[in-house]
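Q: model this:
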Amino acid sequence: MSSPQTKVQLPASSLPTREIPGSYGIPFISPIKDRLDYFYNQGRDDFFKTRMEKYQSTVFRSNMPPGPFMAKNPKVIVLLDAKSFPVLFDVTKVEKRDVFTGTYMPSTSLTGGYRALSYLDPSEPNHAKIKQLLFFLLSNRHDNFIPEFTKSFSTLFDNLEAELSKSGKSDFNTLNDVTSFNYLAQAYFGINPSETKLGSNGPKMAAKWLLFQLHPLMTLGLPRLVEELLLHTFHLPPFLVKSDYKKLYDFFYGASSKFLDEAEKMGIKRDEACHNILFATVFNTYGGMKVLFPGILKWISIAGPKLHQQLVVEIRTTLKSHGGKLTLAAIEDMPLTKSVVYEALRIEPPVMFQYGKAKTDLTIESHDAAFDIKKGEMIFGFQPFATKDPKIFNDAEEFIGNRFVGEGEKLLKYVLWSNGPETESPTVGNKQCAGKNFVVLIGRLLVIEFFLRYDTFTADVGVLLLGSSVTVTSLTKAT
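A: Predicted structure coming up:
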């Protein structure tokens, strides 16, 4: 296994200026052709790879789905390397207004008539207020994050074992969907959804609501013509999910009254605050957990028993040295566990796309050349290519559990899953994920709780609409 060190890059002064290669083709026709290539003819990764090879450049022009009818303008400048990608985080250079989902924007009817925080540019007055509200929620409830996680996921593991014993396999994703939704309700609001009018329907309602926002970027395995008409040409009518969303909203309105009171003190309308808390909890965090947790287990399962044993030793030894109590201090003393989570976030980031519109004429640099971008042009970054940049990471396509241990920590600035480098922190003035530290924490908690309970495991892995599927096929309980 080679050492994960950074590689030598050309100094900026030696880079030639190059015209951005590629074209947008024939209006209407080419965006549809590119959409068909993206979803069916080539597939997502090969869509980018073939164009990168064709133009011999990690920066080029292309159309991005969904294209005609849904997108006002599908034309983007694509960034696929770690050096050019960070321009998308610089809000002095790019505008982040209404670009959260890309070249299209879901109807605000799906969010109570409001543009949620993710769609706001930091220059907009409500951006700082709403983000500060989310910081308040996270800081106010942080003492509950660890104990509620232990309780919630102990139940998940009990169910995992029971299902495995009965059927010889267990679908982690299904159990995780239910557990993650309930965990967030307990951790953020101290309320069990099943004891409210929401009952056990929360995860299904949340998944349906997510589908109505993300369907232009999905395939469901239906016949191509059906998918093109149903998913990629027109928005699904919001009224079809209105009842489900109202039930979710009512749950959050009752559960978050303390935070809605705080929002009013900040000058945020109570209903707008509730829609934003719902969005941050369900879309940003719950949607992220649906992708992140199966991804972590997928890559750990692929890594095999050697990594499992290393994690077992680190986790159990560290916990013992901390008096058997799982605390933030104990978690910080587990560098391999931390590295494994960062590596999962690097190799399969839960948020793959980043968009920004150039605020002014600007010049960006890849490893090989400089490129001029005009004011108003849309810039798009496909994160899995940037975080697997072979000029930054050795064995970039390989999951290396200890990549970020010791000297490897210097590479964390190239882990970009949170809409910013891992070495930076979210503020009211940037677009980095407000819950960045929370997400990393619960990722580590998953690994810790798993290997406190099990010595090793095996799983079958696959691909889903959002992220990876993990079906556990064997578990060896701790001895």
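Q: give me the element residue 46 is part of.
A: helix 44-55 (DSSP states H and E).
Q: give me the mean pLDDT for that helix.
A: The predicted model gives helix 44-55 an average pLDDT of 98.
Q: what does that helix contact?
A: Residues from elsewhere that reach helix 44-55 (C-beta atoms under 8 Å, 6 or more residues apart in numbering): 21-22, 34, 37-38, 42, 58, 60, 62, 78, 80, 382, 384-385. All C-beta spots, glycine's among them, are computed from the backbone N, C-alpha and C.
Q: need the residues you listed in CSV (columns: distance to residue 396).
A: Below are the contacts of helix 44-55 laid out as CSV (distance: C-beta to C-beta, whole Å):
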residue, distance to residue 396
21, 23
22, 24
34, 26
37, 24
38, 23
42, 21
58, 13
60, 20
62, 22
78, 18
80, 12
382, 14
384, 10
385, 10
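Q: coming back round to it: could I get the helix holding residue 46 in PDB with only the CA atoms?
A: Listed in PDB are the C-alpha atoms of helix 44-55, where the atom choice follows Å, rounded to 0.1, in the frame of the first residue of the first chain:
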ATOM      1  CA  ARG A  44     -23.000   9.400 -15.000                       C
ATOM      2  CA  ASP A  45     -19.300   8.700 -14.400                       C
ATOM      3  CA  ASP A  46     -18.500   7.800 -18.000                       C
ATOM      4  CA  PHE A  47     -20.400  10.900 -19.200                       C
ATOM      5  CA  PHE A  48     -17.700  13.000 -17.500                       C
ATOM      6  CA  LYS A  49     -14.800  10.700 -18.100                       C
ATOM      7  CA  THR A  50     -15.300  10.400 -21.900                       C
ATOM      8  CA  ARG A  51     -15.500  14.200 -22.300                       C
ATOM      9  CA  MET A  52     -12.500  14.700 -20.000                       C
ATOM     10  CA  GLU A  53     -10.500  12.300 -22.300                       C
ATOM     11  CA  LYS A  54     -11.900  13.800 -25.500                       C
ATOM     12  CA  TYR A  55     -10.900  17.300 -24.600                       C
END
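Q: ok so, going back, buried subset of the contacts of helix 44-55, written for ChimeraX?
A: Only the buried entries of the contacts of helix 44-55 go into this ChimeraX selection, using 16 or more other C-beta atoms under 10 Å:
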select :21,22,34,37,38,42,58,60,62,78,80,382,384,385
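Q: out of the contacts of helix 44-55, which is nearest to residue 184?
A: For these, the residue nearest residue 184 by C-beta to C-beta is residue 384; the value is 25.7 Å.
Q: kindly indicate whether that closest one is helix, strand or coil.
A: Applying DSSP: H, G, I helix; E, B strand; the rest coil to residue 384 yields a three-state assignment of helix.
Q: that one contacts residue 351, doesn't it?
A: No: using C-beta atoms under 8 Å as the test, residue 384 is too far from residue 351 to be in contact (10.2 Å).
Q: show me the contacts of helix 44-55 that map onto strands.
A: 60, 62, 78, 382 (DSSP state E).
Q: for those residues, give me a markdown table that also has pLDDT and distance to residue 86.
A: Converted to a markdown table, those look like this (pLDDT from 0 to 100; distance: C-beta to C-beta, whole Å):
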| residue | pLDDT | distance to residue 86 |
| --- | --- | --- |
| 60 | 98 | 18 |
| 62 | 98 | 20 |
| 78 | 98 | 15 |
| 382 | 98 | 14 |
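Q: quickly check those residues for the two that are furthest apart.
A: Maximum pairwise distance in the ones in strands among the contacts of helix 44-55, criterion C-beta to C-beta, is 11.4 Å, between 60 and 382.
Q: which neighbours do the two share?
A: Common contacts of residue 60 and residue 382 (C-beta under 8 Å, 6+ apart): residue 78.
Q: helices and strands around whatever helix or strand residue 379 lives in, which ones?
A: Secondary-structure element containing residue 379, defined by DSSP H and E: strand 378-382. Where contact means 3 or more C-beta pairs under 8 Å, 6 or more residues apart in numbering; DSSP states H and E, strand 378-382 is packed against strand 75-79, strand 353-358.
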